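Novice: Sequence below, structure please.
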Amino acid sequence: MATYEIDKERSTFSLRFSPSFPGMGAKISGLTGRFDAAVDHDGTIDWDAPFSGAFEMHVEDISLGNRFMTFGARQWLDPRQYDRVTGELLDVEPEGTDGFTSHVRINVKGTEVTMAATGRFDVRTHDDITVHGRSMADPREFGVALPPFLNVMVHVRWRIELNPVP
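Specialist: Here you go, the predicted structure:
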């Protein structure tokens with residue numbers, strides 16, 4: 001079992017809204033965290049060993065395409081009103097040779113939401129691991145007030161570059 005930390009310079013975390021309108025987006029910064037994983041000598045994840053991961057990030061800015069929706073979203077996600085967004089991978093299960101399914105538990109301003117996630121590992125060496133993943137959430141689950149006729153989903157994609165902790 002080895003511990004890896006997120007390389008915040010090379011990792012990315014992006015949000016996309018669906019339906020998408022011009023000007024919709026979010027700026028994320030300060031992605032940090034650690035993962036514990038066992039990598040076999042052949043460069044595959046050892047699924048018999050426990051796997052865990054946790055992360056933290058900050059929302060720098062959010063825009064929902066028009067000033068009224070953006071104002072409402074900034075009231076909820078304004079970085080001045082909270083310290084951080086935290087999350088952890090739960091129930092990680094193998095899928096195929098390098099894929100996995102899991103749940104991601106996110107905590108934003110005291111609101112905790114668990115959503116399904118899928119991903120895959122790209123293990124080149126014990127020192128060079130990339131985790132690709134995606135999940136989807138309904139903003140209403142996080143307490144964002146939206147008109148009942150508006151069906152907006154947030155698609156989250158992440159590419160996490162991991163470095164071994166000495």
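Novice: how many neighbours does Gly30 have?
Specialist: 12 (other CB atoms under 10 Å). For glycine as for every other residue, the C-beta is placed from the backbone atoms N, C-alpha and C.
Novice: so for the helix or strand it falls within, what's the average pLDDT?
Specialist: For Gly30, the host element (DSSP states H and E) is strand 24-37. Averaged across strand 24-37, pLDDT comes to 81.
Novice: Please apply the same query to stretch 118-137.
Specialist: Computed over stretch 118-137, the mean pLDDT rounds to 88.
Novice: how about the CA coordinates for that stretch, as CSV?
Specialist: Output of stretch 118-137 as CSV, limited to C-alpha atoms (Å, rounded to 0.1, in the frame of the first residue of the first chain):
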residue,chain,number,x,y,z
THR,A,118,-16.9,6.2,-12.9
GLY,A,119,-13.3,6.4,-13.9
ARG,A,120,-10.1,4.6,-14.9
PHE,A,121,-6.5,4.4,-13.8
ASP,A,122,-3.6,5.1,-16.1
VAL,A,123,-0.6,3.5,-14.2
ARG,A,124,2.6,4.0,-16.1
THR,A,125,4.9,3.4,-13.2
HIS,A,126,4.5,3.4,-9.4
ASP,A,127,5.6,7.1,-9.6
ASP,A,128,3.3,8.1,-12.5
ILE,A,129,-0.4,7.5,-12.0
THR,A,130,-3.3,9.4,-13.5
VAL,A,131,-6.9,8.9,-12.4
HIS,A,132,-9.6,10.0,-14.9
GLY,A,133,-13.2,10.2,-13.8
ARG,A,134,-16.6,11.8,-14.1
SER,A,135,-19.8,12.2,-12.2
MET,A,136,-23.0,14.1,-12.5
ALA,A,137,-25.2,16.0,-10.0
